[in-house]
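Peer 1: the following block contains a protein sequence and its predicted model.
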There are 2 protein chains.
Amino acid sequence: MIITPVKKYRDTGLKLTPQRLAILDYLEGNTGHPSAEDIYRVILKKFPTISLATVYNTLDTLRLKGRVREVSIDPEKKRFDPNTKPHNHIICVKCKKVADIKETFDLGLVGNQVSDFEILGHHVEFHGICSACKSMANA
Amino acid sequence: MIITPVKKYRDTGLKLTPQRLAILDYLEGNTGHPSAEDIYRVILKKFPTISLATVYNTLDTLRLKGRVREVSIDPEKKRFDPNTKPHNHIICVKCKKVADIKETFDLGLVGNQVSDFEILGHHVEFHGICSACKSMANA
DNA sequence: ATTAATGCAAACACTTTGCAATGGA
DNA sequence: TCCATTGCAAAGTGTTTGCATTAAT
């Protein structure tokens, strides 16, 4: 069951340590946009000696290899997304849960209001209230 | 020349301290999206004893009064924007300079892909390279 | 055998908080 | 006078780094 990460990891030229495979395995298809601490807490169950520094190091290595994207939608901490294809996000303003918005938007800028910048891309962050927080408010 | 901030500040019910007026004055019409530290360094010239904590406290007070918006486009630190009207931003991926995008986008989401969320609003962050960084790269 | 990755601790950057002293209202 | 605000220091988060040990290649 950790075969898939191994396959996907082989071609990176990075060493396949058990810790990395566990992180890869946890990230695989994960749409929860976990923070480094979130990941750390999960991996800790299988690897009680793993350090938070290793999680950070691994995430940064994966980012440099283009395997993970840093999502800066949460002002409190960095969140990580294994989906590196262009897509957008929504964050719950109460509990900070982040979800994907599959829809993409072709946003052009009219005129020369940003003549100062060469535009490389864009990211839309929706904010809202998730159903869990909504029902708490109604209680 | 600090008359304008005084006028705009009167109706908040907050005490008008010289430190606050200086911060207000600096923020007034400022499109540079400064961090707390940025603001602190500027105010320090006029008020050599002001503390960074006061800057943070004042910014939070202003935020609660709706006079300032926290912009979370820079993952490293919070940036503050006195323009609380809906608008979007562009950030230079190299120097982290942030500029306003006056253009607004009426983005609707089709289908029920976010049935889990009640959408409250959205913010578009463009990323690009500013002219200063571009010319450095060409050098 | 090499060399990168781990895990610990310490350092770092940003932000918040407790509290006595100060100063606007 | 009264109470909010200041400024300092300390503490609280999140993240990075140095370095000896370990382990993947």
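Peer 2: That came through, no problem.

Peer 1: show the average pLDDT along the strand or helix carrying A:D100.
Peer 2: A:D100 belongs to strand A:98-101 when assigned by DSSP states H and E. Strand A:98-101 shows a mean pLDDT of 95.

Peer 1: who are the packing partners of that strand?
Peer 2: strand A:88-92, strand A:117-130 (3 or more C-beta pairs under 8 Å, 6 or more residues apart in numbering or on different chains; DSSP states H and E). Where you see a C-beta, it was placed from the backbone N, CA and C, and this is true even at glycine.

Peer 1: list of residues touching that strand?
Peer 2: A:31-33, A:71, A:73-74, A:79, A:83, A:87-92, A:124, A:126, A:130, B:109, B:113-114, B:116-117 (C-beta atoms under 8 Å, 6 or more residues apart in numbering or on different chains).

Peer 1: list the buried residues of it.
Peer 2: Residues of strand A:98-101 classed as buried by neighbour count (16 or more other C-beta atoms under 10 Å in any protein chain shown): A:V98, A:A99, A:D100, A:I101.

Peer 1: who touches A:E37 in this structure?
Peer 2: A:L52, A:K77.

Peer 1: give me the pLDDT for it.
Peer 2: 98.

Peer 1: quick one: the helix or strand where it lies near DNA strand C?
Peer 2: Using DSSP H and E, A:E37 sits in helix A:36-46. No: using C-beta under 7 Å from any atom of the strand, helix A:36-46 stays clear of DNA strand C, coming no nearer than 8.4 Å.

Peer 1: next SSE after that helix?
Peer 2: Trace forward from helix A:36-46 with DSSP H and E and the next one is helix A:52-64.

Peer 1: what packs against the following helix or strand past that following helix?
Peer 2: Sequence-wise, the next helix or strand downstream of helix A:52-64 (DSSP H and E) is strand A:69-71. When contacts are defined as 3+ C-beta pairs under 8 Å, 6+ apart, strand A:69-71 packs onto strand A:79-81.

Peer 1: how about the residues of chain A by DNA strand D?
Peer 2: By C-beta under 7 Å from any atom of the strand, the residues of chain A that approach DNA strand D are A:15-18, A:35-37, A:52-53, A:56-57, A:60, A:76-78.
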